[in-house]
Structure formats: structure tokens, C-alpha cells
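Enquirer: Sequence below, structure please.
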Amino acid sequence: MLKPANASETAMLPQASLPETEPAVRWMSSKGVSVDLRGSGTPVLMMHGIGGNADSCAPLAELLTAHGYRTISWDAPGYGKSTDASIHEDHVDVAAALLNELETGPVHVFGTSWGGVIGTQLAARYPELVSSLVLASSTRGSCLTRESADRMLKRISELGEVGSVAFAARRFRRLVSPVTPITVAEAVRSGMAAVRLPGYSAAARMMARTNNAVMLTALKVPSLVVVGRDDFVTGVEESRFVAKLIPGAAFEILEDAGHAALQEQPGPMAEAMLGFWADRA
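Expert: Residues are numbered from 1 along each chain as shown. Next comes the predicted model:
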């Protein structure tokens, strides 16, 4: 049983006993948004962070699929295989249109970091589409102070000046725990090195104008907030505060994980999510 608003450890799933999952099926929406579809069953929309793409969600999606869920991992507009033409200033409307086109009905929503900011607004504005919300390594947004908003906007010019490979090389080490294996850290770096300026710029602008604090207090969907113990980007205390703002939210800390917890510890992350859903079944 998860404990509201305090931390507990999670055990690794017995992955050796899980069935092998089928490869993801790539699907493109009519608006040019690409998604990876896996499995069948209750749908889960999975939204990556500002420096990732659908592949960032793959290890976690495979575990959830093995437990009978249908995962829908998007490349946000302007990311991965989604077209730059799909970029829209309102990412929430794009996500809602995607679910309606897929005819999913209500979905569990998982969002990490920026993806969680979108997920929060999706749950608030389109509650009929969201059966539960999981926020991983997330935040209220970057418009908490003028300085934090400006820092986010400065990333756009930095990416334009140095390019995505150098941009990722400068930043990826802060996203992972000191104990994260180099192969996992390299996957995090590789995902960030693949970002494109149009998509990243739209994401950064959204973050810079967003403070979801009031919206979080009004959420009416069951919610879980998860964060890595070694998250030095948004941080444990920000996630703890987010959990306290959401009525009845559960809160979980994952050991040996940083900001990229979904990639560093997909087993414990899946365990936390599956337990949360089971408690509310």
C-alpha cells in the first residue's frame, strides 16, 4: 500500500518471470504526431520530458505492457518522429486530440518532468479523458519566479548556438544518479542529443509561462507523484510539494534514481504505478 505524502521504497519487479512483449507499432496521427503503441488492455498515455522522446518511455512501457496494459508513448510535437508541422502552442489540446483520434476513452496518464506538466493540465481541462495521473520527477512549471522562467527561455538560445549534441553533453550528467550505469546514462544523453530546436523551443516556452500550483489543488483524478532520491533538477522537495497540493495524492521516492528515474529504475517505477492502480481498482 502506498503512503500518502511520505516516502517508501519499492522492490524490483520479478522481470525474469514476465512474458516477452511484442515490438512497438509506430502510428502517426492525422496532425503528424507519432506514437509507439504496445500491448492491449487498459490504455496508458506516456509523455516524455523536455529532453527526451518516445524511446525514453520504452523500458517502462514494456514492463507495463507485460502486465496487461496498452501503452501509448508519444513523440511530442516537434520531437522524435513527430513532424515539426505538428507543433502547436497548446500541447494539451494536441494530447487530447490524439486520444480522441485513437478512440481510447479514459486513460491512465504518465508524465515525466515536462510531460507531467502537460499531464496535469490534461487532467484539469479534459477530466473525461483521464482516469488517473502519475507525475514522475515533475514540477509546477518554470514560471515560479521571473528568474526561473528566464533560465528556461535561455535554453532555447543555448541549443540554437551549440547544437543538440553539445547541448546534451553539457546537461545529461545532472539528469542521472551518481550510481546509474553508464549504459543508461548514455541512453539519456542520446535522447537529449536528438532534440530539435522547433520542438524544444515550443516546450521551453510552455514551461516558462506555466505555474500549475492552483490547478494542482483542483485536480479530481487519483494521482501519484514519484521522484528519484537523487533528482537534483526539479528535486525531491518540489515533488513532495506537488503531492501535497493534489488532494489525496500518493507520494513515492525511488532509490538510486535521479531526474531520469523512468529510465534509471523502470522496475521500481512500474511497481509503484501498478500498486497505485491496484489499490484503486
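Enquirer: Tell me how many other residues surround the residue nearest to residue 225 when sequence neighbours are not counted.
Expert: Distances taken as CB to CB, 6 or more residues apart in numbering put residue 243 closest to residue 225, at 3.9 Å, once the chain neighbours are dropped. Every residue, glycine included, has its C-beta placed from N, CA and C. Using other CB atoms under 10 Å, the number of residues around residue 243 comes to 23.
Enquirer: Tell me what residue 228 is bridged to.
Expert: Taking DSSP bridges as the rule, residue 228 bridges to residue 254.
Enquirer: these two touch, right, it and residue 262?
Expert: No. Using CB atoms under 8 Å as the test, residue 228 is too far from residue 262 to be in contact (9.2 Å).
Enquirer: Common neighbours of the two, please.
Expert: Between them, residue 228 and residue 262 have residue 137 as joint contacts when contacts are counted by CB atoms under 8 Å, 6 or more residues apart in numbering.
Enquirer: Okay, buried residues for stretch 103-114 please.
Expert: 104, 106-114 (16 or more other CB atoms under 10 Å).
Enquirer: Touching, the residue nearest to residue 225 and residue 237? I think so.
Expert: No. In this structure residue 243 lies outside contact range of residue 237 using CB under 8 Å: 10.6 Å.
Enquirer: Residue 119 and residue 109, how far apart?
Expert: Taking CB to CB, to the nearest Å as the measure, residue 119 and residue 109 are separated by 5 Å.
Enquirer: Which neighbours do those two have in common?
Expert: With CB under 8 Å, 6+ apart applied, the overlap between the contact sets of residue 119 and residue 109 consists of 45, 47, 130, 133-134.
Enquirer: Go through those residues and name the one nearest residue 171.
Expert: Using CB to CB, the shortest approach to residue 171 within the shared contacts of residue 119 and residue 109 belongs to residue 47, at 19.7 Å.
Enquirer: Poorly predicted segments of this structure, please.
Expert: Along the chain, the parts satisfying pLDDT under 70 run over 1-21.
Enquirer: Confirm that residue 46 sits in a strand.
Expert: Yes. Checked against DSSP: H, G, I helix; E, B strand; the rest coil, residue 46 lies within a strand.
Enquirer: Give me the buried stretch members for the longest helix belonging to the chain, please.
Expert: The helix that spans the most residues within the chain, counting by DSSP state H, is helix 146-162. Across helix 146-162, burial judged by 16+ other CB under 10 Å covers 149, 152, 155-156, 159.
Enquirer: Same check on stretch 168-186?
Expert: In terms of neighbour count (16+ other CB under 10 Å), stretch 168-186 has its buried residues at 168, 171-172, 175-177, 180, 184-185.
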